[in-house]
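In: Next come a sequence and a model predicted from it.
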Amino acid sequence: MGGGGVARPPSERNFYLLKVLNIDNRKLKTVYLNLNERNIMREYAKDLRAMSIHQLRQELDYWAREIDFALSLKHELAHQSMYFMVLDMIDEKEQKDYSQRWERKVMEKSKGYKVVLNSCFGGFGLSKEAIKMLIDKHGLDIDSEHGYVDNEDFGIVDESHDAYRMDKRLISVVEELGVEEASGRFAQLRIVDVPDEVVDVHGWHIDDYDGCESVHQSHWVG
């Protein structure tokens with residue numbers, strides 16, 4: 001094992017939970033955090049950063065085996081998230097652009113599809129400045145004290161609860177403010193370009209592991 005005694009996070013965890021409450025016919029969104037588990041993930045991320053590339057590749061092998069022998073789909077998705085977290089760390093240390101992993105597939109991105117994701121342990125959320133801009137500039141009616149939004153806030157009716165993440169109004173606000181200024185208290189946003197084929201042909205969804213998100217289509221991950 002590349003971790004050399006590193007404390008890896010367990011497969012099933014109760015780290016981040018969004019609650020929507022109705023009080024006097026008013027929608028109130030709030031978040032609950034398990035600080036102990038949040039600290040576990042932070043320590044694991046620190047351990048990864050301290051590893052050499054060789055150790056990280058051993059850690060990658062560990063998560064690959066966990067994926068192969070996952071007890072359920074839930075476990076498999078959790079292990080996949082950790083696998084790509086380590087893979088991102090390897091690319092960072094090797095100073096590679098992880099978006100180039102799929103260039104060999106020649107997947108066109110001519111239509112400008114983009115999606116907003118959270119890239120840290122915590123959860124997707126917008127800053128007060130981002131919420132204010134969505135209200136003032138785009139006329140949205142958003143009542144979110146903590147910066148958590150959904151399809152309803154954007155007037156979107158869709159089978160996918162992730163649909164709003166590709167909304168052009170959201171994209172424009174995050175791009176205009178910048179990902180740092182647009183990120184909520186427990187978030188670190190990023191914008192990912194999504195290939196045309198993924199959106200138009202196959203469909204897409206967001207995978208979330210303790211708040212760290214990636215957008216998926218079959219074996220495509222961004």
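Out: Arrived safely.
In: next structured bit after the host helix or strand of Asp208?
Out: Here Asp208, judged by DSSP states H and E, is contained in strand 205-209. Toward the C-terminal end, the helix or strand that comes next after strand 205-209 (DSSP H and E) is strand 212-217.
In: tell me which strands and helices that next one is in contact with?
Out: When contacts are defined as 3 or more Cβ pairs under 8 Å, 6 or more residues apart in numbering; DSSP states H and E, strand 212-217 sits against helix 73-93, strand 114-118, strand 205-209. From N, CA and C alone the C-beta is placed, and that goes for glycine too.
In: List the buried residues of the last one.
Out: Read it as strand 205-209. Buried positions in strand 205-209, judged by neighbour count with 16 or more other Cβ atoms under 10 Å: Ile206, Asp207, Asp208, Tyr209.
In: cool, and stretch 124-136?
Out: Using 16+ other Cβ under 10 Å as the burial criterion, the residues of stretch 124-136 that qualify are Phe124, Gly125, Leu126, Ser127, Ala130, Ile131, Met133, Leu134.
In: Name the nearest of the residues you listed relative to Tyr83.
Out: Lowest distance from Tyr83 to the buried residues of stretch 124-136 (Cβ to Cβ) belongs to Phe124, with 21.0 Å.
In: Between which two of the buried residues of strand 205-209 is the distance greatest?
Out: Ile206 and Tyr209 (10.8 Å).
In: which residues touch Cys212?
Out: In this structure, Cys212 makes contact with Ser81, Met85, Asn118, Ser119, Cys120, Phe121, judged by Cβ atoms under 8 Å, 6 or more residues apart in numbering.
In: ok, so what distance separates the fifth one from Gly184?
Out: When distances are taken as Cβ to Cβ, to the nearest Å, Cys120 and Gly184 turn out to be 11 Å apart.
In: Tell me which of these two has more neighbours.
Out: Gly184 (23 against 19; other Cβ atoms under 10 Å).
In: What are the structural domain limits within the chain?
Out: The chain breaks down into these domains under automatic domain parsing: 16-93, 107-221.
In: Ranking these by mean neighbour count, which comes first?
Out: With neighbours defined as mean count of other Cβ atoms under 10 Å, these peak in mean count at domain 107-221, which reaches a mean of 17.
In: From the chain's centroid, how far away is that domain?
Out: 9 Å (Cα atoms, centre = their mean, to the nearest Å).
In: What mean pLDDT does it get?
Out: Average pLDDT, domain 107-221: 88.
In: before we move on, back to that, so which elements touch the strand holding Asp208?
Out: Counting contacts by 3+ Cβ pairs under 8 Å, 6+ apart, strand 205-209 is packed against helix 73-93, strand 212-217.
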